[in-house]
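Undergrad: Provided below are the primary sequence and the corresponding predicted coordinates.
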Amino acid sequence: MHPTFKQPPPHRPEPLSLLLRQWGVPPASPAPPAERLGSLLGWADAIGLSQTMATAPSGAISKTERLEAILWAQAALQTLQASLTSGFDAPELPADSLQSPDGPLLPEMLAPFLQHFSQQQRVIVSRIASLRDHLRSRLLRASDELARVAELDLYIERALSDTERRSLAGLAELLEKRALKHHSTDPRRWRSPLISDMQRLLRADLDQRLQPVLGLIEALSASKSP
């Protein structure tokens, strides 16, 4: 019996698309995935992708090696999720105050919150990229079939890297709009709902960015053994 891959997140996040809709961000109407990927690939990557797709897989990972790789991947994923989500809490950020709201302007008061959010996003991207790279290395050594999956994932990661970088700024801008909304509602108690929004957004962003990693682990789990 093949070991079943189960995703065990410490906190079940809201889907990022649902959270954005709740906050008034209209859903996009993207082109079909193949068309979008084709427009993002450079000519060299497009040739490499075509060659990879044309190569017939062969060989198979041993049952023992596959189980060892799956257990490693699941443990690495759990460790990553727990470590990143623990960093979303920010006890050092200023708390709500009952004092007069007269004083520093909102951009100055908001700066530490946006800095924390951007720093956590950078950590998410860096840590996931590292795990994704290590996981691809495992797949490359496992079998020809899984090596093909790893190569495809690498091309996709390269193609989407610029889009991912732009999304970092987009989510930060959204969080700033949420801060303005909370501050206009209550100039004294805007920080607590903002921190809640920030943690929800970070968890949803993490969940979204983990999807390629989960796909690689599922491919490993579904692979055939001799």
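TA: Good, I have the coordinates.
Undergrad: Least confident secondary structure element in the chain?
TA: helix 43-54 (a mean of 47; mean pLDDT, DSSP states H and E).
Undergrad: Show me what secondary structure element comes after that helix.
TA: helix 63-88 (DSSP states H and E).
Undergrad: any low-confidence regions in this structure?
TA: Residues of the chain meeting the criterion pLDDT under 70: 1-12, 28-61, 98-103, 224-226.
Undergrad: Show me which helix runs longest in it.
TA: Longest helix in the chain, counting residues (DSSP state H): helix 144-185.
Undergrad: quick one: that helix to helix 63-88, angle?
TA: 10 degrees (axes from the mean of the first three to the mean of the last three CA atoms, to 10 degrees).
Undergrad: Which elements pack onto helix 144-185?
TA: helix 33-40, helix 43-54, helix 106-142, helix 191-209, helix 211-222 (3 or more CB pairs under 8 Å, 6 or more residues apart in numbering; DSSP states H and E). Quick note: C-beta positions are derived from backbone N, CA and C, even for glycine.
Undergrad: Just send these back as JSON lines, with distance to Leu84 and mean neighbour count too.
TA: Formatted as JSON lines, these follow (distance: least, CB to CB, whole Å; neighbours: other CB atoms under 10 Å):
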{"stretch": "helix 33-40", "distance to Leu84": "26", "mean neighbour count": "12"}
{"stretch": "helix 43-54", "distance to Leu84": "29", "mean neighbour count": "13"}
{"stretch": "helix 106-142", "distance to Leu84": "6", "mean neighbour count": "17"}
{"stretch": "helix 191-209", "distance to Leu84": "6", "mean neighbour count": "20"}
{"stretch": "helix 211-222", "distance to Leu84": "12", "mean neighbour count": "18"}
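Undergrad: Kindly reformat those as a markdown table and extend each row with distance to Asp89.
TA: Output for the helices and strands packed on helix 144-185, formatted as a markdown table (distance: least, CB to CB, whole Å):
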| stretch | distance to Asp89 |
| --- | --- |
| helix 33-40 | 35 |
| helix 43-54 | 39 |
| helix 106-142 | 10 |
| helix 191-209 | 7 |
| helix 211-222 | 23 |
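Undergrad: Please report the distance of the closest residue to Leu19 other than its chain neighbours from Ser167.
TA: Spatial nearest neighbour of Leu19, chain neighbours left out: Ala204 (4.9 Å); criterion: CB to CB, 6 or more residues apart in numbering. Ala204 is 12 Å from Ser167, where distance means CB to CB, to the nearest Å.
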